[in-house]
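Have a look at this prediction, sequence included:
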Protein chains: 2
Amino acid sequence: MAEPRLDAFQVIADASRRQILMLLSKNNLTVNNLAGNFDMSRPAVSKHIKILQTTGFISITDKGRERYCSLKKEGFDALNEWLSYFDQFWGSKLKNLENLMNDKLKIKN
Amino acid sequence: MAEPRLDAFQVIADASRRQILMLLSKNNLTVNNLAGNFDMSRPAVSKHIKILQTTGFISITDKGRERYCSLKKEGFDALNEWLSYFDQFWGSKLKNLENLMNDKLKIKN
DNA sequence: TATTTGAGTAACTTAAAGGTTACACATTAT
DNA sequence: ATAATGTGTAACCTTTAAGTTACTCAAATA
């Protein structure tokens, strides 16, 4: 992969990386733990992890020969900021969340 | 370009497309208007516009031989939803979500 | 100590996004 | 009618992200 230098938008453009983030939102996992969830080779996952780390989406804690991955806020900041800008067009973000929840949870009052 | 079928995340991964959206947030512009803001050729811009249209980020209104582009909410929805999910980890919006849910659902514990 | 296990790196290949130029085709203007 | 303008499409080229296999190395285990 040669360690491409990607920005936050490119980082989340990859479905595998989004899946990694999703998995880490439920448990902190090692590289091998994560790799077990994918069809691709471990080195491929390893590289995705490196990208996620260098772009601030995850942090890694070494524990012996294992490396535990966990979500990190920093990487999401640029994305939140960008979306917030456009939210001006569609009303407040809170409003969106509200609509989203009304849809998802089918709230009846 | 052969009209790749991109998802919302891939759509905004391209800096030129983000720039187009940014320009449209200030004015509704024609294809040529937009192209004037870029170094790349007009056909290249034209293809970006098509991608933005087919993925619901913009809508286009024909006016004679001109095509006016304007922002469209739909395309942003998937992104907002995805980010909202991860916002739960950083608490900033979790508070809002909680309040919202307590309000809407009148959760009793 | 020898072996297995977790993980990173190097070298290579492939698929596809993103650009270009050339062209076609309406619509508008002269 | 002819020319100019706004735009889309086709064919092509280039770059690069993303995958692979093979290898190395350090830490844990037998």
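It's in.

Can you get me the centre-to-centre distance for stretch A:73-86 and its chain?
12 Å (CA atoms, centre = their mean, to the nearest Å).

Can you point out the buried residues in it?
For stretch A:73-86, burial by neighbour count (16 or more other CB atoms under 10 Å in any protein chain shown) applies to A:Lys73, A:Gly75, A:Phe76, A:Leu79, A:Asn80, A:Trp82, A:Leu83, A:Phe86. (Each C-beta comes from the backbone N, C-alpha and C, glycine too.)

same check, this time on stretch A:19-30
Neighbour-count burial for stretch A:19-30, counted by 16+ other CB under 10 Å, picks out A:Ile20, A:Leu21, A:Leu23, A:Leu24, A:Asn28, A:Leu29, A:Thr30.

hang on, isn't the fourth one packed against A:Ile60?
I take that to be A:Leu24. No. A:Leu24 lies out of contact with A:Ile60 (CB atoms under 8 Å); the separation is 10.8 Å.

and for the two, which residues touch both?
Common contacts of A:Leu24 and A:Ile60, defined by CB atoms under 8 Å, 6 or more residues apart in numbering or on different chains, comprise A:Cys69, A:Ser70.

Okay, and A:Ser59 sits in which element?
strand A:58-63 (DSSP states H and E).

partners of the helix or strand just after that strand in the sheet?
Using DSSP H and E, the next helix or strand after strand A:58-63 towards the C-terminus is strand A:66-71. Strands adjacent to strand A:66-71 in the sheet, as given by DSSP bridges, are strand A:29-30 (antiparallel), strand A:58-63 (antiparallel).

center of chain A - which residue?
The centroid of chain A falls nearest to A:Leu21 when counting by CA atoms, centre = their mean (3.6 Å).

thinking that residue is in contact with A:Leu71, fair?
Yes. Using CB under 8 Å, A:Leu21 is in contact with A:Leu71, at 6.7 Å.

Find residues that contact each of those two.
With CB under 8 Å, 6+ apart, A:Leu21 and A:Leu71 have common neighbours A:Phe57, A:Ile58, B:Phe86.

Can you add pLDDT and secondary structure and give the buried residues of stretch A:19-30 back as TSV?
Below are the buried residues of stretch A:19-30 laid out as TSV (pLDDT from 0 to 100; DSSP: H, G, I helix; E, B strand; the rest coil):
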residue	pLDDT	secondary structure
A:Ile20	98	helix
A:Leu21	98	helix
A:Leu23	97	helix
A:Leu24	97	helix
A:Asn28	97	coil
A:Leu29	98	strand
A:Thr30	98	strand
